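Enquirer: Following is a predicted model, sequence given first.
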Amino acid sequence: MPIYEFECPNGRITERLVKMDTKEIECPKCHKKAEKIISLCSFELKGGGWFADGYSSKKNSQEKY
Ligand SMILES: [Zn+2]
């Protein structure tokens, strides 16, 4: 099971090992509804951007020769 982050209305982040289809949990601190944060997607986008930058700079250095 993957680890997901959940944020409650008070802004408290809770990491919890849950099933993939779990959308919300109860905050252990204030016992309010904490919703799942999709952090994996933004992380993947960052990685793609980094790769694209590295590729373009490599291409530029080749053009100098
Ligand atoms: Zn809370």
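Expert: Okay, I see it.

Enquirer: Please determine how far the closest residue to residue 19 other than its chain neighbours is located from residue 36.
Expert: Distance criterion CB to CB, 6 or more residues apart in numbering; nearest residue to residue 19, sequence neighbours excluded, is residue 1 at 6.2 Å. Every C-beta, even on glycine, is put in place using the N, C-alpha and C of the backbone. Using CB to CB, to the nearest Å, residue 1 is found at 13 Å from residue 36.

Enquirer: ok, the residue nearest to residue 19 - contacts?
Expert: Taking CB atoms under 8 Å, 6 or more residues apart in numbering, we find residue 1 in contact with 17-20.

Enquirer: are any of these buried, and which?
Expert: Taking 16 or more other CB atoms under 10 Å as the criterion, what is buried in the contacts of residue 1 is residue 18.

Enquirer: Give me the lowest-pLDDT entry from the contacts of residue 1.
Expert: Within the contacts of residue 1, the minimum per-residue pLDDT falls on residue 20 (87).

Enquirer: Are we agreed that it is in a helix?
Expert: No: counting by DSSP: H, G, I helix; E, B strand; the rest coil, residue 20 is not found in a helix; it is coil.

Enquirer: Which residues are in contact with it?
Expert: By CB under 8 Å, 6+ apart, the contact list for residue 20 reads 1-2.

Enquirer: Same question for the one 5 residues further on.
Expert: Taking CB under 8 Å, 6+ apart, we find residue 25 in contact with 6, 14, 16, 18, 34.
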